[in-house]
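Trainee: next come a sequence and a model predicted from it.
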Amino acid sequence: MKQSILFCKTEKKAPKEADTISHKLLLRGGFIDQLISGVYSFLPLGLLVSKKICNIIREEMNAIGGQEVFLPTLQPKNIWEQTDRWEHMDPPLFKLKDRHDKELALGPTHEEVITQLAVKNISSYRDLPLYLYQIQTKFRNEMRFSGGLLRTREFLMKDLYSFHADMVDFQDYYKKAASAYFKIFKRCGLDPVMVEASGLGFTNDFTHEFQVLTDAGEDTVLYCPKCSFARNKEIAKLKEGDKCPNCSSLLKLERGIEIGNIFPLGEKYAKAFNLYFLDKDGQKKLVIMGCYGIGIGRLMATVIEMNHDENGIIWPKEIAPFTVHLLSFDHENHKVRKVADKIYQDLQKAGIEVLYDDRIKVSPGQKLAESDLLGMPIRLIVGEKNLAKNKVGLKHRDKKTESLVSISSIKTLLKKWQD
RNA sequence: CGGGGUGUAGUGUAACGGUAGCACGAGUCUUUUGGGAAGAUUUAGUCAGAGUUCAAAUCUCUGCACCCCGACCA
């Protein structure tokens, strides 16, 4: 992509409404644009990141048997009445009426839709287990929105729903899903803790949240630094300095951002929609369900909260909008332009994603500063100075120093780095 | 939903009730090209409406928008 035609304007200063670091950097870098409070447009760079995150999620969901579907946003009143959530959902549903005065809601989640779908398709133990997921826009009528993409009322979410013949099978899959979640977050450059949280009326057991520990978080997590014990403070019944129930180490308290969650739904939705199957022995039984969510925008903002410096974003390589930021210093200099053009084409042919700063009349200083802000993992600099030695500058965004490399070696170096 | 705050040009920021200014951005020209370059020149603004006043960005009211704290957060 040539930066001269990229739909992206950077700003030196963030708009004053931006408070959190991720919000400021996303706005400054032209990744997103705010339409109204809690509702954002994704611009080309932001959308690229979002798509990469989605694809990582798809790979890991497919790897544990997930099949992708796409369920409707417009949902009828009656299915929400069946679970008693039309009136009692909190946050309340976004409700609207069609021209025939039929009441509808914009989906904040899809248990109702997926369960009524499952009823039509599950009748025997042979139909189980079943894992369906989607990546789709959710609408939540929250009381308050804040922190840019950290809390919005319209957001992209991956939700997976699993259907099982018995608890053993469910619990086995629940563990698999948790481990898939850790893989996803790791690939996105995050290292969350799995936290026990309220059963929320679905279950007497815990649900689980994946929390990234940082001051920017809204939740508070009580965790053990020595073992895997971690519990949301809302339900902890313990306090900082108490002994860990597992290993007796002293518990610590920290803020966290919830980037994903997994819930045992038990038989709640199966009951509400009469989702039964016939077991091997001819017995009619309720299907056991689980549900597993990841908010894509919040994940993206969290990555920035955890990966930035004073100059801008430092994207982890798997979700960076581009792998390489190729800067041409003095693009009106024919020699520089010729070499930079060649590198751009060669890298593209090699399947390496390049953002090419081919803008004329933009100073090197500005190109460098913007490059830091946008945060691609690798920077290549073509300038007359080093060209005399047949070299270009190569710098990793997360490292301090730049090295000089020969033009012929670039492709090999990058290929090696990618693996 | 309760409490608080703020709305001035694309962005950031000034202006005692009395001439709306500065910086960055954007446009044009010249020079410049390894850390957001320099000069010249141009561009563009008081959220909306009502009120008080000789006079309102400034005071009052209403509306709208945004932000923060709390509560809430399938």
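Mentor: Yes, it's here.

Trainee: ok, residue A:54 touching residue A:296?
Mentor: Yes. With contact defined as Cβ atoms under 8 Å, residue A:54 reaches residue A:296; the gap is 6.2 Å. Glycine gets a C-beta too; all of them are placed from N, C-alpha and C.

Trainee: these two: which is more packed in?
Mentor: Neighbours were counted for residue A:54 and for residue A:296 using other Cβ atoms under 10 Å; residue A:296 has more, 22 against 16.

Trainee: which residues touch the spatially closest residue to that one that is not a sequence neighbour?
Mentor: Spatial nearest neighbour of residue A:296, chain neighbours left out: residue A:156 (4.2 Å); criterion: Cβ to Cβ, 6 or more residues apart in numbering. Going by Cβ atoms under 8 Å, 6 or more residues apart in numbering, residue A:156 touches A:50, A:54, A:135, A:136, A:137, A:138, A:295, A:296, A:297.

Trainee: which of these count as buried?
Mentor: A:50, A:54, A:135, A:136, A:138, A:295, A:296, A:297 (16 or more other Cβ atoms under 10 Å).

Trainee: secondary structure element holding residue A:163?
Mentor: strand A:154-164 (DSSP states H and E).

Trainee: can you list the strands that that strand pairs with?
Mentor: strand A:130-139 (antiparallel), strand A:288-295 (antiparallel) (DSSP bridges).

Trainee: may I see the buried residues of it?
Mentor: A:154, A:155, A:156, A:157, A:158, A:159, A:160, A:161, A:162, A:163, A:164.

Trainee: could I get those as a markdown table with distance to residue A:11?
Mentor: Below are the buried residues of strand A:154-164 laid out as a markdown table (distance: Cβ to Cβ, whole Å):
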| residue | distance to residue A:11 |
| --- | --- |
| A:154 | 24 |
| A:155 | 24 |
| A:156 | 24 |
| A:157 | 29 |
| A:158 | 31 |
| A:159 | 34 |
| A:160 | 37 |
| A:161 | 41 |
| A:162 | 44 |
| A:163 | 48 |
| A:164 | 50 |
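
Trainee: closest one of those to residue A:332?
Mentor: Nearest to residue A:332, judged by Cβ to Cβ, of these is residue A:156 at 41.1 Å.

Trainee: how close does the closest one sit to residue A:218?
Mentor: In this view, residue A:156 and residue A:218 are 19 Å apart by Cβ to Cβ, to the nearest Å.

Trainee: what's the answer for residue A:400, then?
Mentor: 33 Å.

Trainee: before we move on, what about residue A:374?
Mentor: In terms of Cβ to Cβ, residue A:374 sits 27 Å off from residue A:218.

Trainee: what about those two, which has more around it?
Mentor: When residue A:374 and residue A:218 are compared for neighbours, residue A:374 comes out ahead with 28 against 12, by other Cβ under 10 Å.

Trainee: next, the more buried one: phi, psi?
Mentor: For residue A:374, the backbone dihedrals (degrees, to the nearest 10) come out as phi -70, psi -30.

Trainee: let me see the contact set for it.
Mentor: A:10, A:29, A:45, A:312, A:313, A:321, A:325, A:355.

Trainee: which of these come close to RNA strand B?
Mentor: Contacts with RNA strand B within the contacts of residue A:374, as defined by Cβ under 7 Å from any atom of the strand: residue A:10.

Trainee: ok, the contacts of residue A:374 vs RNA strand B, which is closest?
Mentor: For those, the minimum distance to RNA strand B (Cβ to the nearest atom of the strand) is 4.6 Å, reached by residue A:10.

Trainee: my guess is the closest one meets residue A:372, correct?
Mentor: No. Counting by Cβ under 8 Å, residue A:372 is not a contact partner of residue A:10; they are 10.4 Å apart.

Trainee: between those two, who's got more neighbours?
Mentor: residue A:372 (20 against 16).

Trainee: if I look at the more buried one, how far off is RNA strand B?
Mentor: Separation of residue A:372 from RNA strand B (Cβ to the nearest atom of the strand, to the nearest Å) stands at 4 Å.

Trainee: over to residue A:133?
Mentor: 14 Å.
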